[in-house]
Every structure is written in structure tokens, then in C-alpha cells.
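Q: One predicted model, sequence on top.
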Amino acid sequence: MRIVVRSDYVDGLEGIEELHYVDVLYWMHRLTEKERTILKTHPQRDPSRPLRGVFSLRSPVRPNPIGLTRVRLLKRQGDTLVVEGLDALDESPVIDIKSGG
């Protein structure tokens, strides 16, 4: 998987190659207004499990559609980060990238 960084932010990648993991914050752009009103859901959308609040789950339905995932950084190629484990949908806008250790 790849994260392409806008050209005006490429300087912010300096030294990222030294990291093994990075945290990626992204906008869940396909979340509907209706889904943003849901405050309880079944874990892993399994109706046999009791309802829980979305803040106690990693559910994609939530009032604020900011996603967070930790990915393994495999390499940097100029403006592109090659990563493993990104759970964002294709073309989700990346809000920020932070050191994950």
C-alpha cells in the first residue's frame, strides 16, 4: 500500500525512513451523514454481540469521521510511503502522519 504526500509537504518526511511504524490519521470520506449519528453498534457488525458505544470500539461509524491506524513503514520513495497494514479505504484523504515508534 502507498501513501502519496502532497509535494508542498514532502520536506516534512525528512528522517521518516528511520521509523519502523507511523500513525496515519485520515478522513473517512465515504461515511454518510446518517452513519455519523450512530452512537451504538454491534462489535464487528455482529448482531449476536451486544450493542456498545462507538467510542469503545474501532467501529468506522462515528460522529467524527477521523480514522487512525498504525502502519509498518517499509520504505520511502520521494513523496511516497510504502506501508503495510493501512486500513483506510482507497483515496481516503490523509490528515496527518505521526511517529509511531
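A: Sure thing, it's come through.
Q: Please make it C-alpha for all contacts and neighbour counts, starting now.
A: Will do.
Q: so where's the longest strand in the protein?
A: strand 66-77 (DSSP state E).
Q: give me the low-pLDDT residue ranges for this structure?
A: Scanning the chain for pLDDT under 70 picks out 101.
Q: so where do the helices sit in it?
A: Counting by DSSP state H, no segments of the chain form helices.
Q: give me the beta-bridge partners of T80?
A: Following DSSP bridges, T80 is listed with bridge partners V4, Q77.
Q: Any idea how many residues pack against it?
A: By the other C-alpha atoms under 10 Å criterion, the neighbourhood of T80 contains 17 residues.
Q: List the contacts of it.
A: Residues near T80 by C-alpha atoms under 8 Å, 6 or more residues apart in numbering: 2-5.
Q: and which of the residues you listed is nearest G100?
A: I3 (15.6 Å; C-alpha to C-alpha).
Q: do you know how far that closest one is from L68?
A: 14 Å (C-alpha to C-alpha, to the nearest Å).
Q: now G12
A: Distance from G12 to L68, counting by C-alpha to C-alpha: 19 Å.
Q: So between the two, which is more surrounded?
A: Using other C-alpha under 10 Å as the criterion, G12 and L68 rank with L68 on top: 20 against 12.
Q: Test my guess that that one contacts D23.
A: Yes: counting by C-alpha atoms under 8 Å, L68 touches D23, with 6.8 Å between them.
Q: How about M1, nearest residue that isn't a chain neighbour?
A: V83 (5.4 Å; C-alpha to C-alpha, 6 or more residues apart in numbering).
Q: before we move on, what about D96?
A: Closest to D96 by C-alpha to C-alpha, 6+ apart is L25, at 5.2 Å.
Q: With D87 instead?
A: T69 (6.7 Å).
Q: For that neighbour, grab the count of nearby residues.
A: 15.
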